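Chemist: Pasting a predicted model and its sequence here:
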Amino acid sequence: MDLALAGLQPTTRGAYLAAWHQRILPTLGALPIDRLTPGLIDRAVHTWAETGHHHSAIKNTLAMLARITRQATRDGWLTQPPVPLKGWQRLYLNTQDAEAEPRGLALPDFTTLRELADALTNASHQHYPGWGQAVTFAACTGARIGEVSGVRTRDIDTHHWLWHARRQTTPAPGGLIDKSTKGRRARLVPVIDPLRPLLTARITAVNGAPDARLFTGPASGRITTAGLRRATHWDDVTARLGLGHLRRHDLRHTALTWMADAGVPLHVLQEIAGHRSITTTQRYLHPSIRHLTTAGQTLTDYLNGNCQPIPGTPQPW
C-alpha cells in the first residue's frame with residue numbers, strides 16, 4: 001500500500017484510503033486481483049452511483065483502484081491493469097449537480113442572503129453570529145467554506161478592498177490542516193461595500209493581528225462545511241426558507257452568478273473564480289448572452305491561429 005500511494009499529499013492519501021475501505025474492499029475485496037475485470041469495475045461503479053456516492057467520491061475510488069492495479073502489475077500479479085472505465089460521469093447527468101448548471105443553484109438576491117444568514121445564526125447554539133458572517137462572506141466573494149476558514153487579517157487589503165485568497169482548511173488524517181487553494185493558485189477577489197463593515201469589525205475584534213483568523217467557530221476553531229451544517233441546522237433552516245436545494249458550495253455559485261449578471265467581463269470573472277478553463281466560467285453567464293461570448297472566443301481563437309481559416313479567405317494580419 002505504501003508503494004501504491006507513494007508521492008501523494010496527506011489529504012489526498014486520506015481520501016484514497018477512505019475510498020479503499022468504504023467502497024473498494026466492500027464491493028470488490030473478496031476477489032483475487034487477477035480476477036478483476038473491466039466488467040466487474042463497470043458494475044461496481046454503477047452500484048456506487050445508484051447508492052448515492054458523490055461524483056468526486058467515485059473519482060477518488062477509481063484513482064485509488066488504478067494505483068492498486070498498477071502496483072499489482074509491477075509485482076507480477078497482473079499482465080496489465082484493467083482498462084479504465086470511460087464515460088462513467090454520464091451517470092450523473094440527470095442529477096442536480098452543482099457543476100452542471102450552477103446558475104440554478106444560486107440565491108436570487110442579497111435580501112435572501114441576509115435572511116439566510118440571520119436564520120442560520122438564530123438556529124445555532126447561543127445564536128453565534130460568526131456562522132452568518134461566514135455565509136455572507138462566501139456568498140459575496142465566491143469563496144469555498146474552507147477558504148473562508150483560511151482568511152487571515154493580512155489577506156485583506158483594506159486600502160484597495162481586495163481579498164488575497166491564499167489558503168483553505170481541509171480535513172486530513174489526524175485533523176484539519178491549512179493548505180493552498182484548489183489548483184494551488186492564489187487569486188485576488190474584490191470586497192464589495194456590504195462586506196467592508198463586517199470585515200472591519202472582525203479585524204478590530206482580533207486587534208489587527210496579521211495571522212489571526214477572521215472567521216472561526218464559537219470555540220475559535222477552524223470552520224468546515226460539515227461543521228457549519230451541523231451547528232446551524234442547515235438542512236432544517238434552508239427547508240423552512242424554501243431553499244431546500246441549497247448546499248454550502250452554492251454560496252460560491254451565488255457570488256459568481258451575481259458577478260456575471262452585473263456585467264463583470266468573462267476573463268475577469270475567470271480570475272476571481274480561479275477557474276483554469278474559461279468554459280467553466282461561461283456556465284455562470286445568462287443563456288441569452290452565452291452564445292455571444294462563445295462567438296467572441298471563437299473569433300479570438302481564430303485570430304490567435306488556433307483555428308483553421310475558412311478556405312478562400314485571406315489570412316489574418
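Modeler: Okay, I see it.

Chemist: Give the burial count for the residue nearest to Asp118 when sequence neighbours are not counted, as a bare number.
Modeler: Excluding its sequence neighbours, the residue lying closest to Asp118 (Cβ to Cβ, 6 or more residues apart in numbering) is Gly132, at 6.1 Å. All C-beta spots, glycine's among them, are computed from the backbone N, C-alpha and C. Applying the criterion other Cβ atoms under 10 Å, we find 23 residues in the vicinity of Gly132.

Chemist: average pLDDT for the strand or helix carrying Gly132?
Modeler: Using DSSP states H and E, Gly132 sits in helix 129-141. Across helix 129-141, the average pLDDT comes to 97.

Chemist: Now the residue nearest to Pro190 when sequence neighbours are not counted: phi and psi?
Modeler: Nearest residue to Pro190, sequence neighbours excluded (Cβ to Cβ, 6+ apart): Leu162, at 6.1 Å. Phi and psi for Leu162, reported as degrees, to the nearest 10, are phi -130, psi 140.

Chemist: got the contact list for Leu162?
Modeler: Contacts for Leu162 (Cβ atoms under 8 Å, 6 or more residues apart in numbering) come out as Ile156, Leu188, Val189, Pro190, Val191.

Chemist: cutoff 7 Å now
Modeler: Leu188, Val189, Pro190, Val191 (Cβ atoms under 7 Å, 6 or more residues apart in numbering).

Chemist: quick one: low-confidence ranges for the stretch 1-150 of the chain?
Modeler: 84-100 (pLDDT under 70).

Chemist: Surely Ile58 touches His46?
Modeler: No. Applying Cβ atoms under 7 Å as the test, Ile58 and His46 come out as separate, 10.0 Å apart.

Chemist: Between the two, tell me which one has more neighbours.
Modeler: Between Ile58 and His46, counted using other Cβ under 10 Å, the more crowded position is Ile58 (21 against 13).

Chemist: Next up, identify which helix or strand the nearest residue to the more buried one once chain neighbours are set aside is on.
Modeler: Spatial nearest neighbour of Ile58, chain neighbours left out: Trp48 (5.4 Å); criterion: Cβ to Cβ, 6+ apart. Using DSSP H and E, Trp48 falls within helix 38-50.

Chemist: Using PDB, list the CA coordinates for that helix.
Modeler: Below are the C-alpha coordinates for helix 38-50, written out as PDB (Å, rounded to 0.1, in the frame of the first residue of the first chain):
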ATOM      1  CA  PRO A  38     -13.300  -4.200 -16.600                       C
ATOM      2  CA  GLY A  39     -16.900  -5.500 -16.500                       C
ATOM      3  CA  LEU A  40     -16.700  -6.000 -12.700                       C
ATOM      4  CA  ILE A  41     -15.400  -2.500 -12.300                       C
ATOM      5  CA  ASP A  42     -18.200  -1.100 -14.500                       C
ATOM      6  CA  ARG A  43     -20.800  -2.800 -12.400                       C
ATOM      7  CA  ALA A  44     -19.200  -1.600  -9.200                       C
ATOM      8  CA  VAL A  45     -19.200   2.000 -10.400                       C
ATOM      9  CA  HIS A  46     -22.900   1.700 -11.200                       C
ATOM     10  CA  THR A  47     -23.600   0.300  -7.800                       C
ATOM     11  CA  TRP A  48     -21.700   3.200  -6.100                       C
ATOM     12  CA  ALA A  49     -23.600   5.800  -8.200                       C
ATOM     13  CA  GLU A  50     -27.000   4.200  -7.500                       C
END
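
Chemist: residues of it that come out buried?
Modeler: Ile41, Ala44, Val45, Trp48, Ala49 (16 or more other Cβ atoms under 10 Å).
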